[in-house]
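[1] please work out how this folds:
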Amino acid sequence: MITALTIIIALNCVLLTLVVLIQNPKGGGVDSTFGGQGANQMFGAAKSADFIEKMTWGLASSLAVLCIVTAIVVNHAQ
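    Sure, this is the predicted structure:
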């Protein structure tokens with residue numbers, strides 16, 4: 001049971017990392033200083049960004065729940 005939960009957590013972490021990396025940057029870095037922010041808004045797809053953001057929150061929430069469940073299972077196994 002603990003091994004299965006650990007594998008699921010590892011897969012969740014990999015997916016979360018990939019989803020975060022494909023997101024459009026929303027910060028105010030060097031790009032926004034020189035007016036590059038308008039290009040992101042003009043050429044970006046709003047629907048896909050919404051889906052990716054929801055997927056990020058879902059994966060992050062499931063990671064938190066899985067970690068708590070794993071801690072409970074390990075505690076009861078001892």
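[2] quick check: L5 touching L66?
    Yes. Using Cβ atoms under 8 Å, L5 is in contact with L66, at 6.4 Å. The way it works is simple: take the backbone N, C-alpha and C, and place the C-beta from them, glycine included.
[3] residues in contact with V74?
    I2 (Cβ atoms under 8 Å, 6 or more residues apart in numbering).
[4] now it: which helix or strand?
    helix 46-77 (DSSP states H and E).
[5] buried set for stretch 1-20?
    L5, I9, N12, L15, L16, V19 (16 or more other Cβ atoms under 10 Å).
[6] quick one: which of those residues is nearest to A77?
    L5 (11.1 Å; Cβ to Cβ).
[7] pull the number of nearby residues for the closest residue to that closest one other than its chain neighbours.
    Leaving aside its chain neighbours, L5 sits nearest to T70 (4.6 Å; criterion: Cβ to Cβ, 6 or more residues apart in numbering). By other Cβ atoms under 10 Å, the residues close to T70 number 17.
[8] state the distance from T70 to A49.
    Here the criterion is Cβ to Cβ, to the nearest Å. By it, T70 lies 31 Å from A49.
[9] returning to that earlier point: kindly reformat the buried residues of stretch 1-20 as TSV containing pLDDT.
    Formatted as TSV, the buried residues of stretch 1-20 follow (pLDDT from 0 to 100):
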residue	pLDDT
L5	96
I9	98
N12	98
L15	98
L16	97
V19	95
